[in-house]
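J.: sequence-free structure coming up:
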């Protein structure tokens, strides 16, 4: 579907959601369908004008997850909850946005390369697949700087070093924060 202007959904006091484009009421599943079709959606409270988009998008995700349509591994959900109470809060939104951008770009490249792949071959034999994996691993390592459980599993044994490692991590975090500050300007 061609990209159209943002779809405005108004929430009435009765909590019903009104599609201003088609002048009818919609459900959360309708909103999820609009988004899957490529539409940008904004949900606002009719009376206060508050933007409720984030709240409803989280509700859509929660409903899909509770139906067994799990996309988010427990480790990721745990790290997200943990990030709300740490200094990582400022880094996580940019990290997630950049990760999803890489995912979209990778999916586009994968679809372009599907025609080049042997139908009986694996994804690993697809042109560019190894480079995409290496790029994602390097990105995750650079963005997390060893925070939490990202990357979730490593084959390297833990290093000894105590305060030297802590100083190195602090330095890497400061560098990362400086880079993010420059990106936001």
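T.: Yep, that arrived. Because the structure is a prediction, the values reported are computed rather than measured. Numbers count the residues shown, from 1 in each chain.
J.: Strands of this structure, residue ranges please.
T.: Assigned by DSSP state E, the chain shows strands spanning 7-11, 17-19, 24-26, 41-45.
J.: Pipe those into a markdown table and attach distance to residue 67, mean neighbour count and mean pLDDT per row.
T.: (Each C-beta comes from the backbone N, C-alpha and C, glycine too.) Converted to a markdown table, the strands of the chain look like this (distance: least, Cβ to Cβ, whole Å; neighbours: other Cβ atoms under 10 Å; pLDDT from 0 to 100):
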| stretch | distance to residue 67 | mean neighbour count | mean pLDDT |
| --- | --- | --- | --- |
| strand 7-11 | 22 | 18 | 96 |
| strand 17-19 | 20 | 17 | 96 |
| strand 24-26 | 19 | 14 | 96 |
| strand 41-45 | 20 | 17 | 97 |
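J.: biggest helix in this protein, by residue count?
T.: Longest helix of the chain, by residue count under DSSP state H: helix 92-114.
J.: remind me which residues of the chain are low pLDDT?
T.: Along the chain, the model assigns pLDDT under 70 to residues 1-4, 87-90, 114-165, 184-185.
J.: Kindly recompute the last result at 90.
T.: 1-5, 38, 64-185 (pLDDT under 90).
J.: Outline the domain layout of it.
T.: Domain ranges of the chain: 7-66, 74-183, per automatic domain parsing.
J.: who does the longest helix of the chain touch, helix- and strand-wise?
T.: Judged by 3 or more Cβ pairs under 8 Å, 6 or more residues apart in numbering; DSSP states H and E, the packing partners of helix 92-114 are helix 129-144.
J.: ok, so what distance separates residue 69 from residue 171?
T.: Residue 69 sits 41 Å away from residue 171, going by Cβ to Cβ, to the nearest Å.
J.: just residue 105 next, same as before
T.: 30 Å.
J.: Quick check: the closest residue to residue 28 other than its chain neighbours vs residue 168, distance?
T.: Spatially, and ignoring its direct neighbours in sequence, residue 28 is nearest to residue 60 (5.4 Å; Cβ to Cβ, 6 or more residues apart in numbering). Using Cβ to Cβ, residue 60 is found at 41 Å from residue 168.
J.: With residue 53 instead?
T.: Counting by Cβ to Cβ - residue 53 and residue 168 are separated by 40 Å.
J.: what's the answer for residue 178, then?
T.: Distance of residue 178 to residue 168, computed by Cβ to Cβ: 16 Å.
J.: Look at the two and report which has more neighbours.
T.: Between residue 178 and residue 168, counted using other Cβ atoms under 10 Å, the more crowded position is residue 168 (14 against 10).
J.: and that one, what does it touch?
T.: Contacts for residue 168 (Cβ atoms under 8 Å, 6 or more residues apart in numbering) come out as none.
J.: Could you shift the numbering so residue one becomes 644, and keep it that way?
T.: With 644 as the first residue, the last one maps to residue 811.
J.: returning to that earlier point: wait, which of the strands of the chain is closest to residue 724?
T.: Nearest to residue 724 among the strands of the chain is strand 684-688; the distance by Cβ to Cβ comes to 24.0 Å.
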